[in-house]
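# sequence first, predicted model second:
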Amino acid sequence: MDDAYTGIVILGPTGSGKSRLSMALAPLFHGEIVSCDALQVYRQMNIGTAKASAAEQALLRHHMLDLRDPGQDFSAGDYQRAARQAIGEIRERGNVPFVVGGSGFYLRALIDGLFEGPARSENLRARMRKIIKRKGPKILHRALQRVDPQAARRVAGSDAERIIRAYEVYLTSGRPMSWWQRQPREAFKGYCWLKLGIEVPREHLYQRINQRVDEMLQSGFLEEVHGLINRFPRDSQAFKAIGYRQIAEFLDGRLSYQQAIEEMKMESRRYAKRQMTWFRSDPSIVWLDGQAGFNELQNRATDLISAFLGSRPAFLSGL
């Protein structure tokens, strides 16, 4: 560790309080925030992604936000390259990167690297998209379960793009994605990471998620989605995401308002469960009690980071 740069990861499921904790911790250690979220990279998707506000970004430098329009593709490989560059620039300024988010796949891409799988086949992808358009994504998800049950367990039945990629890998290479993911990768060399996870009992986490959905709607989420509908095609990434998809269907008249809200809450809870399943497979994560009072949570994290960095927080450095 003496020869490596150090970085902090704050992770956990949606609604666990990652952003609040990181905003409290990063200034103590000359930190800058690197978002690890698959949707915060998109411009104009703010409320539904719980993106840091303009005021928060003015207080503390953030990275990996607002890099693409919702109609543009952004892959885990794109994230890896851009985030690694941002982290290098943070280190050049003598600061500490705080990687914050709930996308386990993007975090793995950043730290461990990506598998060198087969190239994309646009013809094959176009055929699969036609199938999904006619019959929905679950038909391909069932096909994926037959050939690669391990990958299928990690992908939601509604996540069309990830289903397409996993099935495409199998069809073009004859090997399941889970096999490719076990192959050697190009790890992010020269860095040592402390991973702190926020754990909240399921019942309380689900209560927080339900409350967050209500707060999003009170904050103008309907207007945000309506604006996106007017600007971007309906096959854009925005309308595949939890929350955005349901509100778009409400605005189209395909769901009632109450149905949209209930489906948003249900899908968010399912997503949180998948996130925890992913994170549980990483034994290097140090788990924090998310049910503790915020001061206790912050103090515990501060102690762990101080020990890891071998330094006192910035606000104590002169004492």
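Ah, there it is.

# average pLDDT across stretch 17-29?
Across stretch 17-29, the average pLDDT comes to 96.

# buried residues of it, list them for me.
Judged by neighbour count using 16 or more other C-beta atoms under 10 Å, the buried positions of stretch 17-29 are 17-19, 21-23, 25-29. No exception for glycine: its C-beta is placed from N, CA and C like everyone else's.

# for Val34, which three-state class applies?
Put simply, Val34 is strand when judged by DSSP: H, G, I helix; E, B strand; the rest coil.

# contact partners for it?
62-64, 83, 86-87, 90, 97-100 (C-beta atoms under 8 Å, 6 or more residues apart in numbering).

# with Pro70 instead?
Residues counted as contacts of Pro70 (C-beta under 8 Å, 6+ apart) are 42-45, 228, 231-232, 236-238.

# count of neighbours near the nearest residue to it once chain neighbours are set aside?
Here the nearest residue to Pro70 in space, its sequence neighbours aside, is Ala238; by C-beta to C-beta, 6 or more residues apart in numbering that works out to 3.7 Å. Ala238 has 28 neighbours, counted by other C-beta atoms under 10 Å.

# contact partners for the nearest residue to Gly290 once chain neighbours are set aside?
Excluding its sequence neighbours, the residue lying closest to Gly290 (C-beta to C-beta, 6+ apart) is Val200, at 3.8 Å. Shown in contact with Val200 (C-beta under 8 Å, 6+ apart): 12-13, 15-17, 208, 290-291.

# hmm, 7 Å instead?
16, 208, 290-291 (C-beta atoms under 7 Å, 6 or more residues apart in numbering).

# low-confidence ranges in the stretch 101-250 of the chain?
Across the stretch 101-250 of the chain, the ranges flagged by pLDDT under 70 are 116, 184.

# next secondary structure after the biggest helix by length in the chain?
For the chain, the longest helix by residue count, based on DSSP state H, is helix 257-280. Note on helix 257-280: by DSSP states H and E, the next helix or strand toward the C-terminus is strand 286-289.

# understood, closing this out.
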